[in-house]
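Asks: what's the 3D shape of this:
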Amino acid sequence: MKIILSGGGSGEDSKEMDQLFASFLDKSKPLLYIPIAMDNNRHSYDSCLNWLKSTFNELGINEYEMLTEKTIHTLKKRNPSDFSGIYIGGGNTAYLLKTIKETILGKFIEKAIDSETPIYGGSAGAVIFAKTISSALLYDSNEVGLTSIEGFNILNNIEITCHYNNNEEEKILKLINERKISKLIALSEKNGLLVTPNEIKIIGKEGSILFEDNKKTFIKIDSILNF
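Replies: Model prediction:
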């Protein structure tokens, strides 16, 4: 397992994380891009793919496959090892998780987690790997009627929030108290997590914030959190 969870930045904000992810990839295989969290009426999937290419082409990635709602069924004949890596983009977290739970995509991602295939989740694509997506529901609508908000929980019951800034501290603390959350890592648009089987590492341009037992602690960049 080698998974990058990004706070949702792009361009210069995510440069170090993008470079790290690219260094993990076997460039003889295509990168699988999953943009389905994005509202396709506001941003076409093709434009999302062009955005991804603008980031990773210069990092030596030249082959891509894009997965949409219309092509999820094709995963029945695919394995994570068919791809150099998997990139799950941002958008509406409730819609993304509902689609994952109701299609073969869920089993495919579970298989990828247990394999050597690197995964990059940005914003909504990151929150689905936490214990739940409760933090995202502070901002995202749940028009799809998602009832089971449990994520893949690769962080040993730690919750995360993305796009964090100091103005949201009160809202986060209220969430922690209401849902009795013991640990939550707040990711800004300039940082993220590198998750491997035995540790969580703070990566990116700046440190992160850990809320634990109602206490707020700054975690320096490159700090290691053991499971």
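
Asks: Residue 99 - that's part of a helix, no?
Replies: Yes: applying DSSP: H, G, I helix; E, B strand; the rest coil, one finds residue 99 inside a helix.

Asks: List the buried residues in the lowest-mean-pLDDT helix or strand in the chain.
Replies: Sorting the helices and strands of the chain by mean pLDDT, DSSP states H and E puts strand 224-226 at the bottom, at a mean of 88. By neighbour count with 16 or more other C-beta atoms under 10 Å, strand 224-226 contains the buried residues residue 225. Where you see a C-beta, it was placed from the backbone N, CA and C, and this is true even at glycine.

Asks: Partner strands of that strand, with direction?
Replies: Sheet pairing of strand 224-226 (DSSP bridges) gives strand 199-204 (antiparallel).

Asks: what sits up against the next helix-or-strand element following the partner strand?
Replies: Next helix or strand after strand 199-204 toward the C-terminus (DSSP states H and E): strand 208-212. If you take C-beta atoms under 8 Å, 6 or more residues apart in numbering as the criterion, strand 208-212 is touched by 164, 172-173, 176, 181-188, 191, 193, 202, 216-219, 225.

Asks: Can you give me the neighbour number for residue 180?
Replies: 6 (other C-beta atoms under 10 Å).

Asks: Let me know the pLDDT of it.
Replies: According to the prediction, residue 180 has pLDDT 93.

Asks: ok, it to residue 31 distance?
Replies: Going from residue 180 to residue 31 by C-beta to C-beta, to the nearest Å gives 39 Å.

Asks: Next: residue 92.
Replies: Residue 92 is 23 Å from residue 31, by C-beta to C-beta.

Asks: Show me which of the two is the more surrounded one.
Replies: residue 31 (25 against 22).

Asks: got a list of what that one touches?
Replies: Residue 31 neighbours (C-beta under 8 Å, 6+ apart): 25, 56, 61, 63, 64, 65, 83, 84, 85, 86, 87.

Asks: and if you look at residue 129?
Replies: 3, 5, 121, 151, 152, 153, 154, 155, 160, 195.

Asks: again, but for residue 153
Replies: So residue 153 contacts 129, 130, 131 (C-beta under 8 Å, 6+ apart).

Asks: now do 7 Å
Replies: 130, 131 (C-beta atoms under 7 Å, 6 or more residues apart in numbering).

Asks: for it, helix, strand, or coil?
Replies: Applying three-state DSSP: residue 153 is coil.

Asks: neighbours around the residue lying closest to residue 108 once chain neighbours are set aside, how many?
Replies: In this structure, residue 108 finds its nearest non-sequential neighbour in residue 75, 4.7 Å apart by C-beta to C-beta, 6 or more residues apart in numbering. Applying other C-beta under 10 Å, we find 19 residues neighbouring residue 75.

Asks: Please settle this for me: is residue 75 part of a strand?
Replies: No: under the criterion used here (three-state DSSP), residue 75 is helix, not part of a strand.

Asks: I'd say it and residue 103 touch.
Replies: No: at 8.3 Å, residue 75 does not count as touching residue 103 under the criterion of C-beta atoms under 7 Å.
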